[in-house]
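>>> Below is the sequence, then the predicted model.
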Amino acid sequence: MTKHIPVLLHDVMAALGDLRGRRIIDATFGAGGYTRAFLEAGAAVTAFDRDPNVTDDAAQIAAEYGERFNFIPRPFSAMAELNDTYDAVVFDLGISSMQIDIPGRGFSFRADGPLDMRMSANGLSAADLIEQADVSTLADILRDYGDIKKATVLARAIKAALPKTTMQLRDLIHVPRDVAPVFQALRIAVNDEMGEVRRALDAVPGLLVPGGKCICVTFHSLEDRIVKNTFRAWTTAPGDPRMPAVAAAPFSMIAPKTPAAAELENNPRARSAHMRGVIKSY
């Protein structure tokens, strides 16, 4: 199994600055790469993750850092329920190497496994979604989240076959370039990934102290567009006719970053990553 490598970690740490005594929300715990770096830099971390497979890593970090680490095994949109303020909220969006590389999770078309794709153990699997959705709904998912050109034709074929495994689904996709986007589209729909991002970002302004920062690392154009447009709205002066300001307080932009050549050489999966950030003014 490929070890998960935190993407743009150096740039994220540089954007956050001195973390001694700071309180950070790690919205996407994963294998704990960001969390561990924040703790080692002196911060206290509250981390979220809905994936039940990460609990052992979370328990190990809790044993090392005690009360400075709090793990919440829930989707990151649950941060809206926190009744506290923080110095930073950090998102590392998308899917992790660990999830892709376990055939039993059903995320990858490179190995056979059940057509699951759930980041948590709850809700509909991809196979369930295909079975329950009508052709029109399935076509919308393929078109909106995978940019599939002949989405209705493919949706009809998938509905007729009702695949139960990753290889069964892959074999239905006759255009090779569409295989990865189809898997991506179903995964996004199964996990309501775009809805999760929107709900979590809505909560961020109320969670940050003055001077607090929100950092997002994105991998997919849809989630990146949500982050970019949200940050643009937050940094727009009230009354500017070009963009309605929706945040509770003004923000300023942090310079965006993409992986350097050295990072891409070490971790090719970072190639589509973008880091965006904002600072709450007051």
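Looks like it arrived, so ask away.
>>> so what's Asp240 scoring on pLDDT?
pLDDT recorded at Asp240 is 54.
>>> likewise Ala247?
So Ala247 comes in at 47 (pLDDT).
>>> burial count for Phe109?
17 (other Cβ atoms under 10 Å). Just so you know, the C-beta spots here come from the backbone N, C-alpha and C atoms, and that holds for glycine as well.
>>> doesn't Pro163 make contact with it?
No: with contact defined as Cβ atoms under 8 Å, Phe109 does not reach Pro163; the gap is 11.2 Å.
>>> Need the overlap of contacts for those two.
Counting by Cβ atoms under 8 Å, 6 or more residues apart in numbering, the shared contacts of Phe109 and Pro163 are Leu169.
>>> Taking the centroid of the chain, which residue is nearest it?
For the chain, the residue nearest the mean C-alpha position is Leu93 (2.2 Å; Cα atoms, centre = their mean).
>>> Any figure for the gap between that residue and Ala59?
24 Å (Cβ to Cβ, to the nearest Å).
>>> What does the residue nearest to the centre of the chain show for phi and psi?
Phi and psi for Leu93, reported as degrees, to the nearest 10, are phi -80, psi 170.
>>> Tell me the spacing between it and Ile148.
22 Å.
>>> Which residue, other than its chain neighbours, is closest to Ala133?
Of all residues not flanking Ala133 in the chain, Ile141 sits nearest, at 7.3 Å (Cβ to Cβ, 6 or more residues apart in numbering).
>>> helix or strand for the one you found, which one?
Counting by DSSP states H and E, the element that carries Ile141 is helix 135-146.
>>> Export that helix to CSV, keeping only CA atoms.
Extracted in CSV, the C-alpha atoms of helix 135-146 (Å, rounded to 0.1, in the frame of the first residue of the first chain):
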residue,chain,number,x,y,z
VAL,A,135,-31.2,7.2,-15.7
SER,A,136,-31.7,11.0,-15.7
THR,A,137,-30.2,11.4,-12.2
LEU,A,138,-27.3,9.1,-12.9
ALA,A,139,-26.6,11.0,-16.2
ASP,A,140,-26.6,14.3,-14.2
ILE,A,141,-24.0,12.8,-11.8
LEU,A,142,-21.8,11.6,-14.6
ARG,A,143,-22.1,15.0,-16.5
ASP,A,144,-21.8,17.3,-13.5
TYR,A,145,-19.0,15.5,-11.6
GLY,A,146,-17.2,13.7,-14.4
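>>> now what about that helix, what contacts it?
Contacts of helix 135-146 (Cβ under 8 Å, 6+ apart): 129-130, 133, 148, 151-152, 154-156, 158-159, 178, 181-182, 184-186, 188-189, 194, 222.
>>> Phi first, then psi, for Val217.
phi -110, psi 120.
>>> swap in Ser108?
phi -110, psi 140.
>>> Wait, it touches Phe183, no?
Yes: between Ser108 and Phe183 there is a contact at 7.4 Å, judged by Cβ under 8 Å.
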